[in-house]
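Chemist: task: produce atomic coordinates for the following.
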Amino acid sequence: MSVPATISHAVQQMQVWAEIIMCVRRICRRGRGLAVAVLHQLRDRLTLEEAIDFGAQLPLIVRGIYHEGWRPSKTPEKLRSRHEFLEGVSAKLALHSVGAEPATRDVFSLLAQAIDSGEIGDVINQLPAGIKELWPEGIRTWASKRGMARNR
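Modeler: The predicted structure follows:
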């Protein structure tokens, strides 16, 4: 019995992500639970349209995890500060011994490498300054310039 092309492609995409994850040490050691906690917190902070656009960029298997348990009618959460955002990550990380900020920075670094920079820019430009600071500096700078160019 052969594997359907969609499933085969999804597995290949996950292998690419796994290679990127291997470069991000805390995710590699701690498992996918960290990425899930941060992805869910980010998703719940975005507008409905942006959450859907961002989710569409994720590999099929990750996209399923990203949408798991989502209640769009409850979003976007009005998280204004870095502290509020990280508290939400901490609550979702209850079973892990890693801090919310290092986990968030690692997952944001992974996303900056694996997702289209235009989409990441759109996500970053929806976030308050304190949460933006958790993304790698290079992508923040790029997103800021892109946002300014759009506003002209």
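Chemist: quick one: low-confidence parts of the chain?
Modeler: Scanning the chain for pLDDT under 70 picks out 1, 3, 15-33, 94-97, 147-152.
Chemist: identify the residues contacting the most centrally placed residue in the chain.
Modeler: Residue closest to the average C-alpha location in the chain (C-alpha atoms, centre = their mean): Leu39, at 4.2 Å. By C-beta atoms under 8 Å, 6 or more residues apart in numbering, the contact list for Leu39 reads 62, 65-66, 107. In short, each C-beta sits where N, CA and C put it, glycine included.
Chemist: what of Leu79?
Modeler: 45, 85, 88, 128, 131.
Chemist: could you check how far it is from Trp142?
Modeler: 23 Å (C-beta to C-beta, to the nearest Å).
Chemist: if we can go back for a sec, the residue nearest to the centre of the chain: which element?
Modeler: helix 32-45 (DSSP states H and E).
Chemist: only alpha carbons, please: show the following helix or strand past that helix as PDB.
Modeler: Later in the chain than helix 32-45, the nearest helix or strand by DSSP H and E is helix 48-56. Extracted in PDB, the C-alpha atoms of helix 48-56 (Å, rounded to 0.1, in the frame of the first residue of the first chain):
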ATOM      1  CA  LEU A  48      -8.600  36.000  13.100                       C
ATOM      2  CA  GLU A  49      -7.400  36.900   9.600                       C
ATOM      3  CA  GLU A  50      -3.700  36.900  10.600                       C
ATOM      4  CA  ALA A  51      -4.000  33.700  12.600                       C
ATOM      5  CA  ILE A  52      -5.400  32.000   9.600                       C
ATOM      6  CA  ASP A  53      -2.800  33.400   7.200                       C
ATOM      7  CA  PHE A  54       0.000  32.500   9.600                       C
ATOM      8  CA  GLY A  55      -1.300  29.000  10.100                       C
ATOM      9  CA  ALA A  56      -1.500  28.400   6.400                       C
END
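Chemist: elements contacting helix 48-56?
Modeler: For helix 48-56, the packing partners by 3 or more C-beta pairs under 8 Å, 6 or more residues apart in numbering; DSSP states H and E come out as helix 32-45, helix 60-67, helix 117-124.
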